[in-house]
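Engineer: Fold the following for me, if possible:
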Amino acid sequence: MRRLTLILWFVGLVLFPLSAQEDYQLMHVIEDIYSTVIEDGGDVDFEEMQEQLMQLHAQKININRATHDDLQGLYFLSDEQIDKILVYRDEHPLHSIYEVQLIPGLREWEYRFLALFIEAGPTEKT
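Structural biologist: Just a heads-up that it's a prediction; the model follows:
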């Protein structure tokens with residue numbers, strides 16, 4: 001079974017270059033985000049959300065300078081979670097995107113999704 005898994009993984013790398021695999025994974029994440037928003041009663045146009053999230057993935061948000069509106073564009077964060085992120089960030093500037101795991105009020109899937117759209121850049125504007 002392990003051998004079959006390795007063969008399938010290798011075939012996947014050959015057939016789908018890494019960027020294509022990343023795009024495929026990102027599309028699945030966007031579909032998951034859309035499903036979550038709809039289940040929570042949100043009314044969102046899928047194509048508009050997809051385009052915005054694809055742009056944010058390509059040009060990540062600097063979490064150390066992000067505004068409430070910047071983070072609201074991620075769709076899957078509540079206003080309360082955004083406020084918690086901003087308060088935490090103001091007290092503890094992030095040096096790595098993985099530090100979002102330390103922010104209270106975020107579930108595991110939310111910080112995994114968040115990590116796709118943010119970067120931990122400088123705190124001051126250059």
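Engineer: can you map out the helices along this structure?
Structural biologist: Under the criterion DSSP state H, the chain contains helices at 2-15, 18-39, 46-58, 68-72, 79-91, 108-114.
Engineer: So which elements touch the third one?
Structural biologist: Judged by 3 or more CB pairs under 8 Å, 6 or more residues apart in numbering; DSSP states H and E, helix 46-58 is in contact with helix 18-39. (Glycine included, C-beta is placed from N, CA and C.)
Engineer: just how off-centre is the helix it packs on within its chain?
Structural biologist: 10 Å (CA atoms, centre = their mean, to the nearest Å).
Engineer: Buried residues, that helix. List them.
Structural biologist: Residues of helix 18-39 classed as buried under the neighbour-count rule (16 or more other CB atoms under 10 Å) are 26, 29-30, 33-34, 37.
Engineer: and what of stretch 87-96?
Structural biologist: Those would be 88-89, 94, for stretch 87-96 by 16+ other CB under 10 Å.
Engineer: State the mean pLDDT of that stretch.
Structural biologist: Summarised as a single mean, pLDDT over stretch 87-96 is 94.
Engineer: and the end-to-end length of it?
Structural biologist: The straight-line separation of the ends of stretch 87-96 (CA to CA, to the nearest Å) is 17 Å.
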